[in-house]
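> let's see this in three dimensions:
(one chain, ligands or ions: 3)
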Amino acid sequence: MARKKKDETVELKVPEHVAIIMDGNGRWAKKRFLPRSAGHSAGSRTVEQICDDAWSLGIKYLTVYAFSTENWKRSDSEVATLMDLLRKYMKNCLERSRKNNMKVCVIGDVTRLDEDLRHSIEELTRESAGNTGLCFTVALNYGGRDELVRAFKKMMADAQSGRISESEVSEETISQYLDTAGMPDPDLVIRTSGEIRLSNFLPWQSAYSELYFTDVLWPDFDKKELIKAIEYYNKKDRRFGGRNEE
Ligand code: IPE
Ligand code: IPE
Ligand code: MG
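Ligands and ions are numbered 1, 2, ... in the order given. Predicted coordinates:
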């Protein structure tokens, strides 16, 4: 991606995989004296726009944190609002994936979701599986520790049935047991709304990701803000534990 800076054009390196912790919907609504649900609706419109923006900037994988395993602790009415929004979102997403060739995946424990929502997810992921545009992943009832627990259980079951032995356990095989199997690790993790924490998002996968925190609340996040995050990423010297020669 080429960016004009004063009188020079700078070539920006675009991260292949960007993961976003979309936070601040509630505070966005509060600032406007609106109910939290209005913040969540505005936030879901931002997700749709950011998918198009990410693809137009050259990002190949976009992963968003939509609902965490901890978010069930919210009031019943807020959880119900979020689930209804997700229902609508999944329907729109199917149409959009047909139009823009987006491949949609869901990570997290979907078994706890209502049957109709699970059905929409299944249809959406199956229908879009062959698409070659943006790989868009929604983390839904996702928690990094829960993902590891589920991965360990699958691996132990495979060990008991002789499909895997101790000597085959490596970082690569563990990655294959995670919900993100087959996906590259995120190069850049963005969190909006000013909180400086990961809140159980992709702990294994983000071990070497660059982290970008912004005070912008999620419903206000746009292409300009995404470019700022990419510019920040470009200033980083990713050494992965090694040394980059001068
Ligand atoms: C993020 O916004 C959306 C979800 C966690 C589902 P919040 O609802 O956490 O908004 P704040 O943090 O209260 O502002
Ligand atoms: C993280 O935001 C989860 C999602 C964005 C889905 P939260 O608002 O739930 O996180 P905490 O409570 O501030 O850690
Ligand atoms: Mg929050």
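
> taking the protein, what residue is nearest to ligand 2?
Closest residue of the chain to ligand 2, Cβ to the nearest ligand atom: Ser199 (3.6 Å). Quick note: C-beta positions are derived from backbone N, CA and C, even for glycine.

> helix, strand or coil: sort out that residue for me.
Following DSSP: H, G, I helix; E, B strand; the rest coil, Ser199 is assigned to coil.

> wait, doesn't it sit right on Phe67?
No: applying Cβ atoms under 8 Å as the test, Ser199 and Phe67 come out as separate, 11.6 Å apart.

> and these two? Which one has more around it.
Phe67 (21 against 14; other Cβ atoms under 10 Å).

> tell me the confidence at that one?
You'll see Phe67 listed with a pLDDT of 98.

> just the helices from this structure, written as ranges.
For the chain, the helices defined by DSSP state H occupy 25-31, 36-57, 76-100, 115-128, 144-160, 171-177, 223-235.

> the inter-axis angle of the longest one versus helix 115-128?
Taking axes from the mean of the first three to the mean of the last three Cα atoms, to 10 degrees, helix 76-100 and helix 115-128 form an angle of 20 degrees between their directions.

> I'd like the average pLDDT over helix 76-100.
Helix 76-100 comes out at a mean pLDDT of 96.

> again with stretch 27-36
98.

> what does that stretch contact?
25-26, 37-40, 42-43, 78, 81, 193, 217-220 (Cβ atoms under 8 Å, 6 or more residues apart in numbering).

> show me which of the residues you listed neighbour ligand 1.
Of the residues in the contacts of stretch 27-36, proximity to ligand 1 by Cβ under 6 Å from any ligand atom holds for 25-26, 193.

> all good on my end, thank you.
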